[in-house]
Each structure stands twice: as C-alpha cells, then as structure tokens.
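**Student:** Next comes the sequence, and after it the predicted model I'd like to discuss.
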Amino acid sequence: MNKDQVAEVLGKIAVLLELKGENPFKTRAYVNAARLLETLNEPLEKVIAENRLPTLKGIGEALQQKITELMATGKLAYYEELKASTPPGLVAMLDIPGLGPKKVKMLHDELSISSVEQLERACQEGTVADLKGFGEKTQANILAGIARRRTYASRHLLYDVLPLAEGLLDQLRQHPEVVRCGSAGSLRRSREIVGDIDLLASSRHPREVIDDFTALPGLLSVIARGDTKASVLLEGGVQCDLRVVSDAEFASALMYFTGSKEHNIVMRQRAIERGLRLNEYGLFRSKEETRDPSLRVPCATEEEIFQALGLHYVPPEMREDLGEFEVAAAGPVPRLIEWTDLKGSLHNHSTWSDGRQTPADIARSMSELGLAYWGVTDHSKASFQANGLTVARLHEQIREVREINDALARDGHEFRLLTGTEVDVLKDGSLDFPDEILAELDVVIASVHQAFKATEAEMMERILGVVRNPYVHILGHLTGRLLLEREAYLVDQRAIIDACAENGTWIELNASPSRLDMDWRLWPYAKSKGVKCVINCDAHRFEHAGYLRLGAGMARKAGLTRDDVVNTWPLEKLKQALTQKRRRAGKL
DNA sequence: GCCGTTTTCGGCCCGACTGTTTTCAGTCG
C-alpha cells in the first residue's frame, strides 16, 4: 500500500465511525490523519523505517499502529470489522442533503433501511415521517434530495460555473442597494471542482437584495429564501448561495465564506490564542459569543484581519491549510503568478491534426491577444483518431510554420509560432517519432494517449524513459485524468518529479478545464525540487487561449511565482532554455 | 483519537438554519 491508499482507508474509517455515532473528535482524528498523509512529501515507508511516525502532529499511538499494519500487510483488521458491521448503502445515504450520520443511523435502526432505494420507497409510503425527529417536511425534503441528485450532478468543473457566477455578480453590482459583492467559497479559492457557487454582498437593506436576487430571470427554482440568505438553482442544476451582510461585516464574512474549512479552523485558533474571537461577523475582543460593536476589532479588509492575527495576507487560492500559515507567519507571501504574466502556450493543436484553426490563423489571433509566442504541437501518427502527423507531414508543417514566422518578421511583428509536436509515448516506452526529427523542433512534449490500463510499474518505466530523453522538453498531462470522467492512470508522481529534476525536464500544467494535470497539490513538491512548470492550453480552437487564466489559478493554489513558470519568460530566454536541455545531454 | 509552560483529563472552531419540538438535536458550510 502507498500513503494515498492508507489515507483513503483512514478516511473511510472516519465515515464509518460517524455512522456508528462515535465521538466526533475521534472521527476528526482520522480525517486529520488522512489529510496529513495525503500531503506528506516523502514516501511513507521511509518515515516508518526511520521511526518518525510519532513525530507527526496528530498521529498518536493508535494511529501509528494502524498505519503500520496497513503498510506492512495491506490490510487492517479494525477497518475490516468496521466495514463488515455497516451496510455499504448507509454511506451512500449520507450524500442526500439533510441526512447526516445520526438520521441515517436512526433510519437503519428503526426501519431497517440500508440503501437509497429502500429509503425512497419508505418515504413514498410515508413511514419515514412517523419516526421521532422526522416529519412530513423532512420526508419530502429527502425525496426531493434523491430526485435532484438523480437529475443533476452535485459537482461541477470550475470552468463551467465561472461564467454563471460572473453573470450573477454583474447583476448584483448593478443593484442600487449593494455596496460590495464578490464570489467566495471554492470558486474564489479556484478549486478545480466546485459543488456550488457562493456569492457575498454587503448592503444596508439585505432583504431587498435577496428579494431581487431570487426574482432574477433564468433561475430554475428558489431552494430557500431568508432575510440574509438565499439558495437558488441555476441552469444546468448548479446551486448558488447568496449571503448579504452589513458592510462592516463584509471582510470577515468574505474570509469566513471563502474558507476553506480547514483554513478557518486554524484562523479561529489563532484568534483564541490572542484572546479574540473570529466569526463571520467580525473579529472581537471577547472570548464569549458577541456581536457588540464596541468590542469589534475594526477590519475593513481581509488584509487587516490577517494582520490582527499575526499573519501577512494569504491569497484566497492558497487558503487550504496546506502550508500557507508557515509562509504568511514568516513574511509576506511572494507575489504569485498572474495569468497576465503568461506570454503564450507551448502545447496546442491546429488543423494539421485535430485543431480547428490553421497555423496562420492561430498566429494572427494570438498575436492580436497580445501574446508573444504560441507552440504548434500537433499529435504524432499513433494518435490516428486525432489525425496525427507522419514524419513527412511534420516536415511539411515545419516549413509552413517557418514561412509564417518569416512573414511576421518581415512585417515587423514580434510574435512567433514555435515548431513542435505532442509526441505519443508508445506502449513499449519508445516515442512515436525518431530523435532526428525531434531534434529539428523548437519544443517537444511527450504525452501518454494509449495503454492506460498498464500497471504502475509498466507506466513508470514508459514515462521515466521519456523523461530521460534529451529531446523531450516537457512531460504532457502527467496522469491522464479527466475530472469527473476518468481516473488518473497509475503513476508515482513524486518519483516522476524526482526524475524530471535530475534530467531538467519540465512538467506541464495542462490548463484544459477537465485536465488541470499535473494537479496543483503536487506543484509545491516539484518547486522544492527545482522542476519548472509550463502552463499549457492544449488549445484546439481560439477560445481555448482563455484556459491560461484557469491554469494560472491552479498555479496560484500551489504558490507558484512568475519565475517558476517558463512561459512567463520572454521568447529569447525561453528559446535559450529549450536548447539547454539538449546541450546538457551533449546533443548540440 | 490527540494533545499539553494553565492540563495526563477534559478539552477539541463557530454560528445559522431547519424541522422538530416547546427548548433543541442534527445538519451544514
């Protein structure tokens, strides 16, 4: 077992303990331990072998024993017993809004319900409403929850909901009673997948804002409406929550609703240590619950709240309790990359393979966007379904791109296309093009597009081979995942990062909305090893240039700065860096 | 289940909302 699998088991134990009605703090200990392992930047085997498990904060004797057993045997008797004593359908029932562990346990104990299907039937028959603590309304809500879950996904790609949020914010900004407004929640943190849209506004008349918000055209339905809060269902089944607070409360409310939950817990802890109390209404000089204005520590912005708690400002993307507190306590957080720092994308397609525009059209539109360069890196012949190029066609394409660049130069344009390929990594680990032609190209990306089902050992052998190839500059979409669609293939990402560090190979942050691969969680490790990032659109049409913004959001989550990302560099510096790898291997 | 210059026991972030109850448990973010 690797550490991610151990973390998964610990997480499942936490859910099962919840269902059993165990002490919630015990449950949290398992959740915390799972999280800790996920974020561990070294092999768990090594930590155990060097007897350093006890030094990890949050891992006590009981968890040490369980983690060690899992690593040694791949199994855990405690977990097996727990699992055997809990019907698997109960876990699925927790997904229904309004149902938590206590209610699920009650349904199981009193009505012998152990699946969503049985629950639906019992609600239709009306037996659930008779249970103590339940009622007609709860029963109806459960049915509605089951129906909604069946019709709509509860998780959405960030890229799909961003325009919805922008549209609503535009409406709010125009409202005469709105002072400030903005997005919060996972959207503001730039999480690759979001459950709903959280919006926040400040106003002296919240009720009016709420009333007008819930009357906006195009809403599928209004789920809930109170004086300061409303939930609505948007097109496509995306839920949007709006909260309206007074302007004095805006900064603390924005911080609170931006989260993450884990980040907020640490912030409140810091407040307590300073004899203060932090909640969505403000920062107060009190240990007791209060909203007394005379006790309020005046904070008009989030910056001031961080400052009051002994921290420098933490950009919202980094608020995941994944190391941001150490950084912000020690000094100012370095200026993170902005999407406007990016000067072009190195991995893109044209009509030569499966893209929609010709290289000439691409050059025109990308230069109009103000970019400095753009890689034309079509598929290689093994990607037959994508009209991959043969060696002969690639030679033709190189000529065409060079002619376009010559014309750009004659007309005094600074923009340039880069010749290149996204060459397939074949099943046996070789590349789909011979080294001779790769050597002619400005930029070479190697990606896996086939034989996804390989074992981890096979996959690692394939990928490590291309990482060492002196002609490969960039490793494309490292895990092949498609968010909400397809799992990553089996790879040890940290081992690949190590190999990239040794060989001077860059790793792509593929900014296509359903890829965002390599994952932002791995980039701090890559950065610590000196591995450079390339934020690529993998564009197949003009509009995909907009993915640069999405990619930059992920890089910000990882704490990357301009200099960590090579396509922020000007063309000459980039070209020098591209030739450096080949020079290093004695190939130039 | 973890943790400790107030603690080896008694804490563990905080508040709103909902629907069920007549003062609150459960759920949610």
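**Tutor:** Looks like it arrived, so ask away. Numbers count the residues shown, from 1 in each chain, chains lettered A, B, ... in the order given.

**Student:** which residue sits closest to A:Asn181, ignoring its sequence neighbours?
**Tutor:** You called it Asn, but residue A:181 is Cys. Nearest non-adjacent residue to A:Cys181, counting by CB to CB, 6 or more residues apart in numbering: A:Ala201, 3.9 Å away. For every residue, glycine as well, the C-beta is placed using N, CA and C.

**Student:** so where does the one you found fall, helix or strand?
**Tutor:** Element membership for A:Ala201 (DSSP states H and E) is strand A:196-203.

**Student:** After that strand, which helix or strand is next?
**Tutor:** Following the chain from strand A:196-203 toward its C-terminal end, the next helix or strand by DSSP H and E is helix A:206-213.

**Student:** Could you report the neighbour count for the closest residue to A:Asn510 other than its chain neighbours?
**Tutor:** Nearest in space to A:Asn510, with sequence neighbours left out and distances taken as CB to CB, 6+ apart, is A:His477 at 4.3 Å. Counted with other CB atoms under 10 Å, the burial measure for A:His477 works out to 25 neighbours.

**Student:** I'd like to know how far A:His477 sits from A:Arg402.
**Tutor:** According to CB to CB, to the nearest Å, A:His477 stands 28 Å off from A:Arg402.

**Student:** Same question for A:Arg583.
**Tutor:** Computed as CB to CB, the A:Arg583 to A:Arg402 distance reads 22 Å.

**Student:** And for A:Lys229, the neighbour number?
**Tutor:** For A:Lys229, the tally of surrounding residues (other CB under 10 Å) stands at 14.

**Student:** same thing with A:Asn405?
**Tutor:** For A:Asn405, the neighbour count with other CB under 10 Å is 19.

**Student:** Please identify which helix or strand holds it.
**Tutor:** Taking DSSP H and E as the definition, A:Asn405 sits inside helix A:391-410.

**Student:** Could you pull out the buried residues of that helix?
**Tutor:** A:394, A:397-398, A:400-401, A:404-405, A:408 (16 or more other CB atoms under 10 Å).

**Student:** Return the list of helices and strands in contact with it.
**Tutor:** helix A:359-368, strand A:373-379, strand A:416-424, helix A:435-438 (3 or more CB pairs under 8 Å, 6 or more residues apart in numbering; DSSP states H and E).

**Student:** Quick check, A:Val161 in contact with A:Asp198.
**Tutor:** No. With contact taken as CB atoms under 8 Å, A:Val161 and A:Asp198 are classed as non-touching, separated by 10.7 Å.

**Student:** Now the common contact residues for the two.
**Tutor:** Common neighbours of A:Val161 and A:Asp198, using CB atoms under 8 Å, 6 or more residues apart in numbering, are A:Leu187.

**Student:** where does chain A have low pLDDT?
**Tutor:** Within chain A, the segments meeting pLDDT under 70 span A:585-588.

**Student:** What's the separation between A:Phe250 and DNA strand B?
**Tutor:** As for A:Phe250, its distance to DNA strand B is 15 Å (criterion: CB to the nearest atom of the strand, to the nearest Å).

**Student:** And for that residue, the neighbour number?
**Tutor:** Here the count is done by other CB under 10 Å, and A:Phe250 has 24 residues near it.

**Student:** Equivalent analysis for the one 10 residues further on, please.
**Tutor:** Residues contacting A:Ser260 under the criterion other CB under 10 Å number 17.

**Student:** A:Ser203 too?
**Tutor:** Using other CB under 10 Å, A:Ser203 is surrounded by 23 other residues.

**Student:** hang on, isn't it packed against A:Val244?
**Tutor:** Yes. With contact defined as CB under 8 Å, A:Ser203 and A:Val244 form a contacting pair (5.3 Å).

**Student:** what touches both of these two?
**Tutor:** Common neighbours of A:Ser203 and A:Val244 (CB under 8 Å, 6+ apart) are A:Val209.

**Student:** sorry, back to before: surely the residue nearest to A:Asn510 meets A:Ser447?
**Tutor:** Yes. The pair formed by A:His477 and A:Ser447 meets the contact definition of CB under 8 Å, at 5.8 Å.

**Student:** related to what we said a few turns ago, got the angle between the strand holding A:Ala201 and helix A:206-213?
**Tutor:** 130 degrees (axes from the mean of the first three to the mean of the last three CA atoms, to 10 degrees).

**Student:** strands paired with strand A:196-203, and their directions?
**Tutor:** Neighbouring strands of strand A:196-203 in its sheet, by DSSP bridges, are strand A:178-184 (antiparallel), strand A:239-245 (parallel).

**Student:** just checking, which of these sits deepest inside the structure?
**Tutor:** By mean neighbour count, with neighbours taken as mean count of other CB atoms under 10 Å, strand A:239-245 ranks first of these at a mean of 23.

**Student:** what's that strand in contact with?
**Tutor:** Contact with strand A:239-245 is made by A:164-165, A:168, A:172, A:185, A:195-203, A:206, A:209-210, A:213, A:223, A:228-234, A:253, A:257, A:280-281, as judged by CB under 8 Å, 6+ apart.

**Student:** Return the set of buried residues in the next helix or strand after it.
**Tutor:** Next helix or strand after strand A:239-245 toward the C-terminus (DSSP H and E): helix A:250-258. Taking 16+ other CB under 10 Å as the neighbour-count basis, helix A:250-258 is seen to contain the buried residues A:250-258.

**Student:** Looking at those residues, spot the one nearest DNA strand B.
**Tutor:** Top of the list for closeness to DNA strand B, among the buried residues of helix A:250-258 and by CB to the nearest atom of the strand, is A:Phe257 at 6.3 Å.

**Student:** Surely that closest one touches A:Ser183?
**Tutor:** No. With contacts defined as CB under 8 Å, A:Phe257 does not count as touching A:Ser183, sitting 9.4 Å away.

**Student:** what touches both of these two?
**Tutor:** With contacts defined as CB under 8 Å, 6+ apart, the residues shared by A:Phe257 and A:Ser183 are A:198, A:200.

**Student:** what are the bridge partners for A:Asp196, then?
**Tutor:** Counting by DSSP bridges, A:Asp196 forms beta bridges with A:Gln239.

**Student:** Over to A:Leu157?
**Tutor:** Counting by DSSP bridges, the residues bridging with A:Leu157 are A:Ile193.

**Student:** could I get the helices and strands packed on helix A:391-410 as a markdown table with mean neighbour count?
**Tutor:** Supplementary listing: these in a markdown table, determined by neighbours: other CB atoms under 10 Å:
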| stretch | mean neighbour count |
| --- | --- |
| helix A:359-368 | 18 |
| strand A:373-379 | 27 |
| strand A:416-424 | 26 |
| helix A:435-438 | 16 |
